[in-house]
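> model the structure of this input:
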Amino acid sequence: MPSERVRSLLSGSLLVAVGLAVAQVLSYLLNLVAARLLGPQSFGAFAALMSVMLIASTVALGLQAASSKRIVATGDEERGIVGTGLLWFGVKVAALLGAIALVATPAIAGLLRLDSLLPAVLVALIIGAFTLGGTQLGLAQGAEKFGRLGSLYGSVQLCRTVGATTGALIAHSLTSTLVGLFVGTAAGVAVGQFIIAPLVNRPGVRSAGIGPETWHASHALLALFVLTNMDVLLARFFLTADQAGLYAVGVLIAKVAFFLPQFVIVIAFPTMSRQQDRRSVFYAAGVTAALGLVVTLVVRFAGSLVVAAVGGSAYSELTSEAWLFAAEGALFAVAQVLLYAQVARGNRHAVIFLWLAAAAFLAAVTFGPHDSVLVIVLTALGIACVVVVAGIVSSMRARDTEPLTLNEIGEFLEQ
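Sure thing, here's the model as predicted:
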């Protein structure tokens, strides 16, 4: 008979997996609608702006990781008042990040060759609103309230998808889609506050040291997300508008492979923070790699169907390269697990390698061949391989180098 701990892990994994699956399906539904309603050129701009938002979301993820670690380390009786203090800290961070994004709007509009500043301004507002939700997720994750955590993932993305899809349907324009996305994001944060209300108590207490923890977690995730999203930005800059649209649809396939195993790291991170051993790291990395392999094989042998489902007939030229995008996303998903392991250990040096990898990627595309979708995705795939190998080596050096046995996996589940 499975132990109570095993049953808890399995039920928690199911709840979070369902919530994340709902969120991911809704996210891809939004992209599918946008790809069809906006057309290749406008959708290329939309995808590039979504990548900017995804990069900025690393601050929200940093808030989530730091808040989760702090709640894990806090006794049950004090978690409520600590949680309130963390929420107020999140509000301050969101306001600061939104202001920085507003200041950067001219640079964003120029880099992405937007017709006006308004889309970049809307993106800045969306970034500020979305960041507020990072602490909410961290409180539920750290307390291991996986039902509430799954509800947060699903409900927030539902609001975002409904808002953005409504905007796209109303005017079939980039601006209207972003207006709807902002309204939906704000509504999602409001719903999230209702979901986590039982986890916080007033008055709150200030969490000493949470600022540096958030910064280091956000910095590490920023480096990873810059690395994993710069290809669509480079494609937008170097390729023609139509080619950039093709690449944007390929990125959607990569995101499926990247985000599909997300529930694994969400469940494993509190254990990584508490135990800080190699068992949880390699178990999570192995499950993530297996799921990524499945996605890659499906896309490899059903590429035309996948491309048709994701982008429609206008993107059929992408069929032969589609599986490469899936492989890229799968490798970066494993890299993310290995990076979270470093965050859990408090290792603040792993980020240096990620920035070096990003610089190498930028240089390879800028100064090397960059005239086709295939060339850019192959460059991204090569960088992903290097990052995963380096992450595995780093994790093995942290502990024993013997491979995990079935008994070790069982011991981990019994903890």
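> every contact and neighbour count from this point should use C-alpha atoms.
Fine.
> any idea of the pLDDT on residue 120?
Looking at residue 120, its pLDDT stands at 90.
> how about the nearest residue to it, chain neighbours excluded?
Closest residue to residue 120 apart from its sequence neighbours, by CA to CA, 6 or more residues apart in numbering: residue 105 at 5.2 Å.
> would you agree that neighbour is in contact with residue 113?
No. Between residue 105 and residue 113 no contact is recorded; they are 11.8 Å apart, counting by CA atoms under 8 Å.
> more neighbours: these two, which one.
Between residue 105 and residue 113, counted using other CA atoms under 10 Å, the more crowded position is residue 105 (20 against 12).
> show me the contacts for the more buried one.
Residue 105 makes contacts with 117, 120-121, 124, as judged by CA atoms under 8 Å, 6 or more residues apart in numbering.
> filter the residues you listed down to the buried ones.
120-121, 124 (16 or more other CA atoms under 10 Å).
> possible to save the residues you listed as TSV with secondary structure and distance to residue 45?
Formatted as TSV, the buried ones among the contacts of residue 105 follow (DSSP: H, G, I helix; E, B strand; the rest coil; distance: CA to CA, whole Å):
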residue	secondary structure	distance to residue 45
120	helix	11
121	helix	14
124	helix	15
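> which one of those is nearest residue 196?
Nearest to residue 196, judged by CA to CA, of the buried ones among the contacts of residue 105 is residue 124 at 25.4 Å.
> nearest residue to the closest one other than its sequence neighbours?
Leaving out its chain neighbours, the residue that sits closest to residue 124 by CA to CA, 6+ apart is residue 101, at 4.9 Å.
> let me see the contact set for that neighbour.
Residue 101 touches 121, 123-124, 127, counting by CA under 8 Å, 6+ apart.
> now residue 83
71, 139, 199-201, 204.
> so which strand or helix has it?
Per DSSP states H and E, residue 83 falls inside helix 79-103.
> just checking, next helix/strand downstream of that helix?
Counting by DSSP H and E, what follows helix 79-103 is helix 105-111.
> now the helix holding residue 83: buried residues?
79-91, 93-95, 97-98, 101-102.
> for it, the distance to its chain's centre please.
Its chain's C-alpha centre and that of helix 79-103 lie 19 Å apart, by CA atoms, centre = their mean, to the nearest Å.
> and what of stretch 78-93?
Distance, centroid of stretch 78-93 to centroid of chain: 22 Å (CA atoms, centre = their mean).
> what residue ranges in the stretch 1-150 of the chain are flagged as low confidence?
Under the criterion pLDDT under 70, the flagged ranges of the stretch 1-150 of the chain are 1-13.
> any idea of the mean pLDDT for the host helix or strand of residue 352?
According to DSSP H and E, residue 352 maps onto helix 350-367. Averaged across helix 350-367, pLDDT comes to 89.
> quick one: the residue nearest to residue 124 and residue 288, what's the gap?
Distance, residue 101 to residue 288, by CA to CA, to the nearest Å: 33 Å.
> again, but for residue 345
According to CA to CA, residue 345 and residue 288 sit 20 Å apart.
> residue 198 too?
Going from residue 198 to residue 288 by CA to CA gives 32 Å.
> which of those two has more neighbours?
Neighbours per residue (other CA under 10 Å) separate residue 198 from residue 288, with residue 288 holding more: 27 against 9.
> what's the nearest residue to the more buried one if we skip its chain neighbours?
residue 261 (5.4 Å).
> am I right that the one you found is in contact with residue 333?
Yes. Assessed by CA under 8 Å, residue 261 is found in contact with residue 333 at 7.4 Å.
> between these two, what contacts are shared?
288, 292.
> of these two, who's got more company?
Set side by side, residue 261 and residue 333 show more neighbours around residue 333, with 29 against 25, by other CA under 10 Å.
> for the more buried one, which non-adjacent residue is spatially closest?
residue 258 (4.7 Å).
> how many residues are close by residue 211?
14.
> thinking again about what came up before, most neighbours among the contacts of residue 83, which one?
Counting by other CA under 10 Å, top hit in the contacts of residue 83: residue 139 with 33 neighbours.
> and that residue, what element?
Assigned by DSSP H and E, residue 139 belongs to helix 118-142.
> can I see the domain layout of the chain?
Domains of the chain are assigned by automatic domain parsing as 14-208, 215-415.
> quick one: distance of the last one to the chain centre.
The one in question is domain 215-415. Worked out by CA atoms, centre = their mean, domain 215-415 lies 10 Å from the chain centre.
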